[in-house]
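1. Sequence and predicted structure are below.
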Amino acid sequence: MKTARPLLALTALLALSGCSGSDSPCSAMPIFSGTTPRPESFRVGAEATFEVPAVQTQSCDDTAESQFPESVTATVYDPGNHILPSEVMLRHGGAIATVRFTPRTTGRHHVLVAFAPVGSVQQLGAYVAGDWSGNNSAIVLPLPRCTQLDRTTRGTWLCDGAALREPSGRVVRLGTSSIPPDVAVSGNVVWVVGEGRVRRFVDTGTELELTGSLLLGTAAPVRVVQSRLASEHELWVLDDQRLHRFTFSDTGVLAAAGATSWTAGDEAILGTDGVVGLLVRESLDRVLVVRMRQRPNSQACPYQLGPDGAFAPTGAPCLALPGTPVGLEEGVVWTRVGEPFQATGQTLHRWVLSGGSLAEQGTLVLDSPADAVDAALRPGFVLPDIRLGMLAGATSVLPVGSSVQSPLGLERLPTSARAPRELRALSPRFYWEGDTLQSNGSTKVYERPAG
C-alpha cells in the first residue's frame with residue numbers, strides 16, 4: 001500500500017467568474033494588497049496563522065461594481081488526513097481570508113479554503129516542522145567547507161582527505177595530490193582511495209595506523225568514484241565504468257577481489273555533482289546499483305557476489321523507481337518526482353530496502369514555493385535538503401521518515417541555514433556549513449542523534 005495522499009488533489013485556483021448579459025468572461029485576479037507573506041513553516045503546538053487572498057471578480061463595464069466574497073469556510077487536514085479544528089474569517093472587505101489552526105504533528109497539512117458566493121476554491125499546503133533534534137552547539141573544524149565529512153567511533157574527523165583528532169589539533173593529510181582522495185569510514189576503519197592505490201587505516205585512539213596498502217594496476221584502475229560502501233573488512237567502489245570489490249583478510253592482506261563493468265554509457269547524471277550511479281547494500285554478498293537510463297525515472301539493478309570474488313548481474317530485472325535520486329542512506333534511497341514552480345509541484349519519496357526490494361515508506365508533497373530538492377550525491381550518504389520559500393523568511397528543513405509507511409515529517413535545520421547550497425550539506429549523522437577560504441577557512445558541524 002502506498003502512502004495516503006491528501007483527500008483533494010493539488011490544483012490551481014478554481015476561479016468562479018462571469019458576467020450576465022455578456023459573452024466575454026470577466027477577468028479574475030488575486031488581491032494581495034495589505035497581505036503579509038505566508039510563513040513557509042509553522043511549529044507543532046503553536047497557533048498557525050496565515051492569509052489567503054480571494055479572487056476578485058472584475059466588472060464587465062465601468063459602471064458595475066466589483067464583486068467580493070461574503071463568506072468563507074476552511075478545512076484543515078493533518079498529514080494523516082484527519083480534520084483539525086480551525087477558524088477562518090474574512091478581512092479587507094472580503095478580499096482576504098485569515099486562517100488559524102494549531103498543528104499537532106509535523107509534515108504537510110492540506111488546507112482547503114472556499115469563498116462564496118463569488119471568489120474561488122483554493123487548496124494549499126501548510127508545512128509544520130519540529131525543532132532540530134541534534135546538538136545546538138557547533139563543532140568548528142579549521143578547514144574550508146568539507147565536501148566529504150565523517151568521523152570514526154574513536155573521534156577522528158575526516159574532511160576531504162584530511163584527518164584531525166581534535167578541532168584544534170594537527171591536520172594530517174591522507175594524500176599528496178591537490179585532488180582529495182575518496183574516504184569511507186566504518187567504525188574505526190578508514191578506507192582511502194586515490195593516487196592509484198587503496199589504503200586501509202585503523203583509528204587506534206591516538207593515530208590512524210596504516211594496516212594495508214594496494215597499488216592498483218592499469219588493467220582495472222579505479223576511475224572517478226561515484227559511490228562506495230564500506231565495512232571493516234570490505235570496500236565496494238562504484239566508479240563511472242566498473243564495480244570494484246576490495247577485501248582485507250584476517251592475516252592482514254589487502255587485495256582487489258574483482259571488477260565488473262556496470263554501465264551502458266548512456267546513464268543520465270544525478271544530483272548537483274554529476275554522479276551516474278549509486279550503491280545500496282542489500283546483503284553481505286548482494287548490492288543494488290541505482291541509475292537513470294531515461295528520465296524522469298530511475299532503476300535499481302541487482303548484482304550478486306560470484307565464486308571469483310567479483311560482482312556479477314543476477315539476471316533479475318531492475319527495480320523501477322519513479323523520479324530522480326536526491327538522497328542516499330544505508331538501505332534507503334530518496335527520489336524526487338516533478339519540478340519546482342510547476343502546477344504539479346514536487347513529491348519526495350523515501351524507498352527502504354525490504355525483502356530484496358525497495359519499498360516506499362513515506363512521501364512529502366511540496367506545492368509551496370521551494371527550491372528544487374536536490375543534493376550532491378558523490379560524497380556518500382546524504383539527506384535531501386529542503387528550503388521552503390524564496391523570501392527572507394524562508395525556512396530550511398529536512399524530511400523525517402519512520403519505520404512504518406506514513407507521510408514524512410519535517411525538522412528544522414540548526415541556525416538560519418541560509419548558506420548557499422554549495423556551502424552546506426546534510427547527512428544522516430551531521431549537518432555542516434562552511435566557507436571556501438583556503439587560508440583560515442572553517443566548517444561548522446552540528447551532530448545529529450544516532451538512529
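-> Done, it's in. Quantities reported herein were computed from a predicted structural model and do not represent experimental measurements.

2. Going by C-alpha atoms from here, please, whenever you check contacts or count neighbours.
-> Will do.

3. Which residues does Phe248 form beta bridges with?
-> Leu254 (DSSP bridges).

4. surely it meets Glu234?
-> Yes. Proximity of Phe248 to Glu234 meets the contact threshold set by CA atoms under 8 Å, at 6.3 Å.

5. residues in contact with the spatially most central residue of the chain?
-> Central residue check for the chain by CA atoms, centre = their mean: the C-alpha nearest the mean position is that of Pro384, 1.0 Å away. The neighbours of Pro384, taking CA atoms under 8 Å, 6 or more residues apart in numbering as the test, are Val326, Gly327, Trp334, Val373, Asp374, Ala375, Leu398, Pro399, Leu426.

6. So which of these is the closest to Thr206?
-> Ranking these by separation from Thr206, with CA to CA as the measure, puts Leu426 on top at 28.0 Å.

7. Quick check: bridge partners of the closest one?
-> With DSSP bridges as the criterion, Leu426 is bridged to Tyr431.

8. That one touches Val382, doesn't it?
-> Yes. With contacts counted by CA under 8 Å, Leu426 reaches Val382, the gap being 5.8 Å.

9. which residues of the stretch 51-200 of the chain score low on pLDDT?
-> 56-66 (pLDDT under 70).

10. what's the burial count for Thr218?
-> For Thr218, the count of nearby residues is 8 (other CA atoms under 10 Å).

11. phi, psi of it?
-> Thr218 adopts backbone torsions of phi -90, psi -10, taken as degrees, to the nearest 10.

12. where's it relative to Gly196, distance?
-> Applying CA to CA, to the nearest Å, one obtains 9 Å for the distance of Thr218 from Gly196.

13. Kindly report the same for Leu143.
-> Plainly put, Leu143 is 25 Å away from Gly196 if you go by CA to CA.

14. between those two, who's got more neighbours?
-> Summary of the neighbour comparison: Leu143 and Gly196, criterion other CA under 10 Å, with Leu143 having more neighbours (22 against 14).

15. Which residue, other than its chain neighbours, is closest to that one?
-> Using CA to CA, 6 or more residues apart in numbering and skipping residues adjacent in sequence, the residue nearest Leu143 is Ser442, 4.6 Å away.

16. just checking, the one you found touches Cys159?
-> No. Contact criterion CA under 8 Å: Ser442 and Cys159 do not qualify, at 11.1 Å.

17. between the two, what contacts are shared?
-> When contacts are counted by CA under 8 Å, 6+ apart, Ser442 and Cys159 are jointly contacted by Leu143.

18. These two: which is more packed in?
-> Taking neighbours as other CA under 10 Å, Ser442 and Cys159 compare with Cys159 leading, 23 against 19.

19. and that one, what is it in contact with?
-> With the criterion set at CA under 8 Å, 6+ apart, Cys159 makes contact with Leu143, Cys146, Thr147, Gln148, Leu149, Asp150.

20. from those, which ones fall inside strands?
-> With strands defined by DSSP state E, the entries of the contacts of Cys159 inside them are Leu149, Asp150.

21. residues near the residue lying closest to Glu447 once chain neighbours are set aside, how many?
-> Counting by CA to CA, 6+ apart, the nearest residue to Glu447 once its immediate chain neighbours are dropped is Phe430, at 4.6 Å. Phe430 is flanked by 20 other residues according to other CA under 10 Å.

22. can you check the one 4 residues further on too?
-> Around Gly434 there are 24 other residues, counting by other CA under 10 Å.

23. Enumerate every residue touching it.
-> Pro144, Arg145, Cys146, Leu423, Arg424, Gly441, Ser442, Thr443, Lys444.

24. Give the buried subset of those as a ChimeraX selection command.
-> Buried subset of these, written as a ChimeraX selection, criterion 16 or more other CA atoms under 10 Å:
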select :144,145,146,423,424,442,443,444
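
25. Can you tell me which of the contacts of Gly434 end up in helices?
-> When the contacts of Gly434 are checked against helices using DSSP state H, none is located there.

26. And Val287, how far from Arg281?
-> Val287 sits 5 Å away from Arg281 when distances are taken as CA to CA.

27. ok, the residue nearest to Gly356 when sequence neighbours are not counted to Gly338 distance?
-> Once its chain neighbours are removed from consideration, Gly356 has its nearest residue in Glu282; the separation is 6.7 Å (CA to CA, 6+ apart). When CA to CA is applied, the distance between Glu282 and Gly338 equals 28 Å.

28. same deal with Ala372?
-> The span separating Ala372 from Gly338 equals 9 Å under the rule CA to CA.

29. same check, this time on Ala97
-> 30 Å.

30. Comparing the two, which shows the higher neighbour count?
-> Just comparing Ala97 and Gly338: by other CA under 10 Å the higher neighbour count belongs to Ala97, 26 against 20.

31. Quick check: the more buried one is in a strand.
-> Yes. Assessed with DSSP: H, G, I helix; E, B strand; the rest coil, Ala97 lies in a strand.

32. which sections of the stretch 251-400 of the chain are below the confidence cut-off?
-> 390-393.

33. do that again at 80, thanks
-> Within the stretch 251-400 of the chain, the ranges that satisfy pLDDT under 80 run 340-344, 368-369, 389-394.

34. Let me see the ranges of the helices in it.
-> Using DSSP state H, counting those that start in this stretch, no helices are assigned anywhere in the stretch 251-400 of the chain.
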